[in-house]
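Asks: This is the structure alone, sequence omitted:
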């Protein structure tokens with residue numbers, strides 16, 4: 001994604017930023033269950049909304065992000081994101097470390 005965004009996005013796994021999670025009022029569970037995106041002005045987005053905010057920085061994908069604002073599309077994208085996040089350990093490239101223990 002760095003090449004697409006000219007390195008305007010800094011990616012960090014949640015395990016490397018425990019102090020940052022606390023300052024954002026997020027728990028470890030929040031970090032484990034979905035992706036988060038923080039804008040330059042400090043707005044916080046999670047899940048499908050975070051993906052759409054990140055894609056806004058990719059010139060060719062930006063028009064697609066406007067679909068997220070349409071009634072029904074947001075709910076559909078949120079459901080698809082939740083399914084993918086819940087099943088990421090089963091997807092190509094997924095490992096056991098990608099699974100989420102819901103008792104945490």
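Replies: That came through fine. Small disclaimer: the values here were computed from a predicted structure and weren't measured. Numbers count the residues shown, from 1 in each chain.
Asks: Going along the chain, name the helices of the chain.
Replies: 2-5, 18-23, 28-33, 48-55, 62-65, 73-86 (DSSP state H).
Asks: so what does the fifth one touch, helix or strand wise?
Replies: The criterion is 3 or more CB pairs under 8 Å, 6 or more residues apart in numbering; DSSP states H and E, and the helices and strands that helix 62-65 contacts are helix 48-55. C-betas here are computed from N, CA, C, even on glycine.
Asks: residues in contact with the helix it packs on?
Replies: Applying CB atoms under 8 Å, 6 or more residues apart in numbering, the external contacts of helix 48-55 come out as 1, 5, 9, 34-37, 39, 45, 61-62, 64-65, 68, 74, 77-78, 80-81.
Asks: Distance check, the most centrally placed residue in the chain against residue 51.
Replies: The centre of the chain sits closest to residue 35, judged by CA atoms, centre = their mean, with a distance of 2.6 Å. To residue 51, residue 35 is 7 Å away according to CB to CB, to the nearest Å.
Asks: show me the contacts for the residue nearest to the centre of the chain.
Replies: So residue 35 contacts 46-47, 50-51, 85 (CB under 8 Å, 6+ apart).
Asks: any idea which of those residues has the most stuff around it?
Replies: When neighbours are counted by other CB atoms under 10 Å, residue 51 leads these with 20 neighbours.
Asks: Check what pLDDT that residue gets.
Replies: With respect to pLDDT, residue 51 scores 94.
Asks: What is the least confident helix or strand in the protein?
Replies: helix 2-5 (a mean of 54; mean pLDDT, DSSP states H and E).
Asks: Where does the prediction get shaky in the protein?
Replies: 1-8, 14, 94-104 (pLDDT under 70).
Asks: Which residue is the nearest non-sequential neighbour of residue 64?
Replies: Of all residues not flanking residue 64 in the chain, residue 55 sits nearest, at 6.8 Å (CB to CB, 6 or more residues apart in numbering).
Asks: Would you check how far apart that neighbour and residue 22 are?
Replies: Residue 55 is 27 Å from residue 22, by CB to CB.
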